[in-house]
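A.B. asks: fold the following, please.
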Amino acid sequence: MLKFVLRLYALNRWLSSRIKNLATKRVRVGFFILIVTLLFRPTPVHAGLNFDSMLQWLANIAFSVAAAITRGIVLLINAMVPIITFNHFVDNPVVKNGWAIVRDTVNMFFVVVLIIIAFGTIFGIQRFKWQEQVPRLLIMAVVINFSKTLCGIMIDFGQVIMLTFANALREIAAGNFIQLLGLNQIYAASPNSSVLKGIETNTAEGANNAFNFFATGVISVVLVFWVFATLIILLAILLFRIVMLWVLVVIAPLAWFMKGAEGVIKSSAFDDWWKEFKCLVGIGPILAFFLWLTLAVAGAGNIAEQSHFDVTTGSNNSDFASSILELSNFLSFLIGMAMLFVGFKVATQFCSTEFSGKFAGKAVGVAKSIPAITGGLGLKAGSLGLKAGVRGTVAAGGLAKGAARRVLPASIVTAPRRASAAVRGATWGMIGKAGGSTFVGKWARGKQQDVAQATRARRFEEVNQEKEALKNKGRQWTQQRILDNLANPPSSAKGQAQDIALFEAMMADKRLQKDLGRDKVEALWKRHGAKYKDMAETDAEKMANITGFEKANADFAVSGMDMGQKAEWMRRNLKDADDANGLTAGAWGNKDVQDRAGQIKTNFEKERDKDGKIVYMNALEAARAGKYGVEAQGAVVRATDAAKLEMGSQMEEQFRAALEHNDPQSAQAVIDQIQAKYTGAGTTEQDRQGMALSMDRMRAAADRMSRGGNPQARDTLSMFDTTRAGMEATHGFGLPSAPKQGEGAQEYVDANFRGSSRARIEAAMGEMDKQKTEADNAVAVLDGELNALRGTEKDIADKQKQIEDIRRSISKSVEAVSQKAHRAVMDAQGRLDAARKPEEKKRAQEAVNKAQANFTAVTARGQEQIQSNDAIKSLEAEVGQIIERAGGQEWLNVVKEKQKEHEALKRQAQRLEEAKKKLEELRNSR
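C.D. replies: Residues are numbered from 1 along each chain as shown. Reported below is the predicted structural model:
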């Protein structure tokens, strides 16, 4: 007992040093000193008073305090009923008398404002606009006298909703509230607890159970005090609402007067009034609704069970004495408090005003801080008491503890330490959530992180020890141990640490991953992936290892996610070609990985477009082309749905890769897909032409592999040729159009028939023979038509030549006269430029005008001679008669078009002949 007293004294001194920062808070200091004095001061004891009896005495004090606070809760609930059902906002004497005084006072100022508007308008002050201000002022002058009634109507609208819930609460409030929060369970002993039996003994077990009884009392005080404080805040908000609505109704005439005087008096009084009024009308129904909802759920029974939480009735793994701390009851308590705080949150969000909104927000903040403060102090005291009790017991039984370390498994020996860490972490987390953004909340969350970090470090200590022991083991031993653990998961702490060490070794050994197989690696990931990431959170190196493994095995990471989560994970983790290159072969077989890889661009050249620009592969195409290794290529090929591939390079690459990996099923899927598209009703001849070129390249690839000794390629090639022959027999060979003008015969053959079968080449030759015959026949027909017209063309050409000769002769004679007249103009212009005196300039100007007129007349006479020449007219008439006899101007146009067509057909026939010769050479080379 002396050791116990000394330990209590040491704890008291340590606790005093830890709460120096409370020295400036007198109320908190007094409260804290009271708790320490009552619970942990070193008390002299006589031989008849043992430790468990003292704890029972302290527990009785705690339960008495909880009972007193519970009675206060009942009092608050009873006081809340008349407040929440209050509905006399406009007919009480305070409002009536106050509103009448404000209304009469405001009415006097309407005349003053009208006079101000009048003078402002007379003097032309811009901000006075009587057309707008006077009507608004007059309307408000009328409305102000009915402002109390209007406010009452708006308040009644909110009260109808509020009283609907309030009346339902009138009779059942206190009972259901006590039932909801489980306060009636505080004094009920848990039938699943060993406390009662333990307290009746004086053994170490009895002391421990007595302390649990004491801890239950302390926790009960914290819980009921939290409820008590929350109800005080709720009551304060509702009472504040009533008084504020009285005030707002009283000053309503003044606020509405300010609205009417808008533009004359600069003020936001009406807007502020309206925001406050709207806030206070709405906050009541919101709080009443959530209070009613909370109690209605409570009336249905245990909230946790009714809400389908995974709890067992009467579950009491913590072994506390009170029924309220059974899992289902405690969870019901937390749910009830959470529902009340949701109501607080919605109410504060509804109010955004400076006064009422801030009041409600601060009130809720206080309600959130109270459990953090009291809970922190109470839990800290309980923690100290627990430590003192355990240390006293350990001091009394040190030899037994040493023997236990030598005999019991490590999981049993270290259980108290792990349990203590879990309790501390949960405690700080609960305090942090309750404290919110207050200092207590932030400090508690920091403590929770410290506990979590320390726990992770200790867990990795055990894992590292096991990892060190694995260094002398070979890969085969490691593989067998992993398989054994997968079949029979270890239950001991040592076995679990070794299992994690094996998982870590597997992540670093790709050969081991391959030997285990994809399914076993995935099973290891599902067992340890999330746990290992949590443990490695504060270890940068280990976090990098697990993150890299997760990205490399992206199919494991997205397993179990919905479509949106998968897409988001892929977007965040598979960003570029480097990430795609790091994927394991097994990951490439996943559809979601392939979809993401199809969106990632690489630097691998795919082809060049029609402008000569390089088109690059995406990561999926690169994997299919073998850029990321043979295994990745094989996985992509096996998992690819041929129906989703584009005709052309994708289909060809899939076919080639399937043959390289001896995967006849994937190759056959490509053949089947080509057959379906080639014979499809919507496929055009141009589409078949492109598909025929793809099939030529695919056949060439299969032929090369077959000649290289690939038996799968040989069998696939035989099936390919058989399938293609059937397609071409029913739907044609997909032959290209005839060579274009300027396209060489060799160029044409290389582009369209380089890899074609003999049958396709012969079909093309036959088509060219047919087209050349048609072209030759068309040329012969045009030759006959043009020969019949050539005599008429010669007669027209001869007459037109005679006309041109006559025109040229007349133009030559006219040109000589025109040149002479033009020289006269230039001479007169020179004399004008040389003249100095006015008389000389006048005479020179007259000479220039005369010479210019003569030149114009000579030119006109020359044109008239050409147009009026009888010989030209006679010849033109003869040409017209010849054309008219032949068929007119349209006939001339037809002749010209036929001549062009004749030349084009001759060139086309020549190109077809040259292309046919090249095809014949290619056929003979096969």
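
A.B. asks: doesn't Glu605 lie inside a helix?
C.D. replies: No: assignment of Glu605 by DSSP: H, G, I helix; E, B strand; the rest coil gives strand, placing it outside any helix.

A.B. asks: list the contacts for it?
C.D. replies: Ile614, Val615, Tyr616, Met617 (CB atoms under 8 Å, 6 or more residues apart in numbering). In short, each C-beta sits where N, CA and C put it, glycine included.

A.B. asks: and for the second one, the neighbour number?
C.D. replies: Same thing as Val615. Counted with other CB atoms under 10 Å, residues neighbouring Val615 total 10.

A.B. asks: kindly report the same for the first one.
C.D. replies: Summarising burial for Ile614: neighbours were counted as other CB under 10 Å, giving 10.

A.B. asks: ok, the last one next?
C.D. replies: The number of residues packed near Met617 is 22, by other CB under 10 Å.

A.B. asks: isn't it right up against Lys606?
C.D. replies: Yes: counting by CB atoms under 8 Å, Met617 does reach Lys606; the two are 4.5 Å apart.

A.B. asks: leaving out the residues flanking it, which one is nearest to Phe460?
C.D. replies: Computed as CB to CB, 6 or more residues apart in numbering, the closest residue to Phe460 that is not its neighbour in sequence is Met535, at 6.1 Å.

A.B. asks: what do you get for Lys841?
C.D. replies: Counting by CB to CB, 6+ apart, the residue nearest Lys841 is Ala835, at 4.3 Å.

A.B. asks: that neighbour: what's it in contact with?
C.D. replies: Lys841, Arg843, Ala844.

A.B. asks: what residues sit buried inside stretch 147-164?
C.D. replies: By neighbour count on 16 or more other CB atoms under 10 Å, the buried set for stretch 147-164 is Ser147, Lys148, Cys151, Gly152, Ile155, Gly158, Gln159, Ile161, Met162, Leu163.

A.B. asks: quick one: distance of the helix or strand where the third one lies to the chain centre.
C.D. replies: Here Cys151, judged by DSSP states H and E, is contained in helix 147-169. Distance of helix 147-169 from its chain centroid, counting by CA atoms, centre = their mean, to the nearest Å, is 43 Å.

A.B. asks: and that helix, average pLDDT?
C.D. replies: Mean pLDDT, helix 147-169: 86.

A.B. asks: which elements pack onto it?
C.D. replies: helix 51-84, helix 93-122, helix 204-250, helix 252-260, helix 269-299 (3 or more CB pairs under 8 Å, 6 or more residues apart in numbering; DSSP states H and E).

A.B. asks: before we move on, back to that, now, among the buried residues of stretch 147-164, which is nearest to Ser694?
C.D. replies: Ranked by distance to Ser694 (CB to CB), the buried residues of stretch 147-164 are led by Ile161 at 71.0 Å.

A.B. asks: please parse the chain into its domains.
C.D. replies: Domain assignment for the chain, taken from automatic domain parsing, gives 50-366, 760-925.

A.B. asks: so the helix holding Cys151 versus helix 269-299, what angle?
C.D. replies: Here helix 147-169 runs at an angle of 10 degrees relative to helix 269-299 (axes from the mean of the first three to the mean of the last three CA atoms, to 10 degrees).

A.B. asks: what does helix 147-169 rub up against?
C.D. replies: 81, 84-85, 87, 89-90, 95, 99, 103, 143, 245, 248-249, 252-253, 256, 277, 281-282, 284-285, 288-289, 291-292, 295-296.

A.B. asks: buried members of those into ChimeraX, please.
C.D. replies: A single ChimeraX command selects the buried members of the contacts of helix 147-169 (16+ other CB under 10 Å):
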select :84,89,90,95,99,103,143,245,248,249,252,253,256,277,281,282,284,285,288,289,291,292,295
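
A.B. asks: next, count neighbours for the spatially closest residue to His661 that is not a sequence neighbour.
C.D. replies: Spatially, and ignoring its direct neighbours in sequence, His661 is nearest to Gly634 (4.3 Å; CB to CB, 6+ apart). The number of residues packed near Gly634 is 22, by other CB under 10 Å.

A.B. asks: hang on, the earlier thing: so the residue nearest to Phe460, which of the three states?
C.D. replies: helix.

A.B. asks: shouldn't it be in contact with Asn464?
C.D. replies: No: Met535 lies out of contact with Asn464 (CB under 8 Å); the separation is 11.3 Å.

A.B. asks: and the two? Which one has more around it.
C.D. replies: Met535 (22 against 13).

A.B. asks: report the separation between the more buried one and Ser559.
C.D. replies: Distance, Met535 to Ser559, by CB to CB, to the nearest Å: 21 Å.

A.B. asks: tell me which residue is most central in the protein.
C.D. replies: Nearest residue to the geometric centre of the chain (CA atoms, centre = their mean): Glu568, 6.0 Å.

A.B. asks: element containing that residue, please.
C.D. replies: Going by DSSP H and E, Glu568 is part of helix 563-573.

A.B. asks: and the next helix or strand after that helix, C-alpha only, in PDB?
C.D. replies: Using DSSP H and E, the helix or strand that follows helix 563-573 in sequence is helix 577-581. What follows is helix 577-581, C-alpha atoms only, in PDB (Å, rounded to 0.1, in the frame of the first residue of the first chain):
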ATOM      1  CA  ALA A 577       4.100   6.500 -70.500                       C
ATOM      2  CA  ASP A 578       6.600   5.900 -67.600                       C
ATOM      3  CA  ASP A 579       3.700   4.700 -65.400                       C
ATOM      4  CA  ALA A 580       2.500   2.500 -68.200                       C
ATOM      5  CA  ASN A 581       5.900   1.100 -68.700                       C
END
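
A.B. asks: quick one: mean pLDDT for helix 577-581?
C.D. replies: For helix 577-581, mean pLDDT is 88.

A.B. asks: with stretch 819-829 instead?
C.D. replies: 83.

A.B. asks: still on that earlier bit, how big is the angle separating the helix holding Cys151 from helix 252-260?
C.D. replies: Using the same axes, to 10 degrees: helix 147-169 against helix 252-260 is 120 degrees.

A.B. asks: residues touching Ala834, list them.
C.D. replies: Ala844.

A.B. asks: state the pLDDT value of it.
C.D. replies: 83.

A.B. asks: check Glu903 too.
C.D. replies: pLDDT at Glu903 comes out at 78.

A.B. asks: burial count for it?
C.D. replies: 12.

A.B. asks: measure it to Leu782 for me?
C.D. replies: 10 Å.

A.B. asks: next one: stretch 700-707 to chain centre, how far?
C.D. replies: Distance, centroid of stretch 700-707 to centroid of chain: 47 Å (CA atoms, centre = their mean).
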